[in-house]
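K.L.:
Build me a structure from this.
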Amino acid sequence: MGGLLFWFPDVLRSYFVRSEPNLTTIWVLTFLMPLTMVAGYIAMRRNPKTKVRSHIETSILLGIWVLGPTMVGIAQTFQGAGFRFIGTLPVVIFATIFPPVLLIMAGYDLTIFALLLATGILTMLRLKMRMPDFSLSK
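P.N.:
Below is the predicted model:
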């Protein structure tokens, strides 16, 4: 779910605009994509039906990186590339198995800064959740 929420603004923009983003759009996506991911994180964290809350950050991060190649391919398809060419499918499969390739794909899609920002945010949230509480009010 976190991966879908993260990539949704990019796919939606590509569907309606169908061209390369301009500088303003790149900056909007850089902050909007992690913002939708954080909103999903908060919703999952507050959901009383969520049984294991300790690994939500890891699950979202895994979802972003595993779904990333497919979502970038879909976004690029709306812009005239992506899955319109048969050679894209092996790249997407390889990028799903070998996640560092997603960095290259996100660079072409101009969402690499959003990807790095979201990865940093989720890593910090995960580290924060693992830290013991050292408050003095115990």
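K.L.:
shaky segments in this structure?
P.N.:
In the predicted model, the chain carries pLDDT under 70 at residues 50-54, 131-138.
K.L.:
now the strands for it?
P.N.:
Counting by DSSP state E, the chain has no strands at all.
K.L.:
Tell me which stretches of it form helices.
P.N.:
Using DSSP state H, the helices of the chain run over 2-17, 23-46, 56-78, 88-97, 100-109, 112-130.
K.L.:
What residues of stretch 69-86 count as buried?
P.N.:
Across stretch 69-86, burial judged by 16 or more other CB atoms under 10 Å covers 69-79, 82. (C-beta placed from N, C-alpha, C; glycine too.)
K.L.:
make that stretch 115-125, sorry
P.N.:
For stretch 115-125, by 16+ other CB under 10 Å, it's 115, 117-118, 121-122, 125.
K.L.:
From the chain's centroid, how far away is stretch 14-31?
P.N.:
The chain centre lies 15 Å from the centre of stretch 14-31; the measure is CA atoms, centre = their mean, to the nearest Å.
K.L.:
neighbouring contacts of it?
P.N.:
Contact with stretch 14-31 is made by 9-10, 13, 74-76, 78-80, 110-111, 113-114, 117, as judged by CB atoms under 8 Å, 6 or more residues apart in numbering.
K.L.:
what does stretch 79-89 give?
P.N.:
Taking CB under 8 Å, 6+ apart as the rule, stretch 79-89 contacts 14, 18-20, 72-77.
K.L.:
now these in a markdown table, with distance to Ile60?
P.N.:
Converted to a markdown table, the contacts of stretch 79-89 look like this (distance: CB to CB, whole Å):
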| residue | distance to Ile60 |
| --- | --- |
| Ser14 | 22 |
| Arg18 | 28 |
| Ser19 | 29 |
| Glu20 | 28 |
| Val72 | 17 |
| Gly73 | 20 |
| Ile74 | 19 |
| Ala75 | 19 |
| Gln76 | 23 |
| Thr77 | 24 |
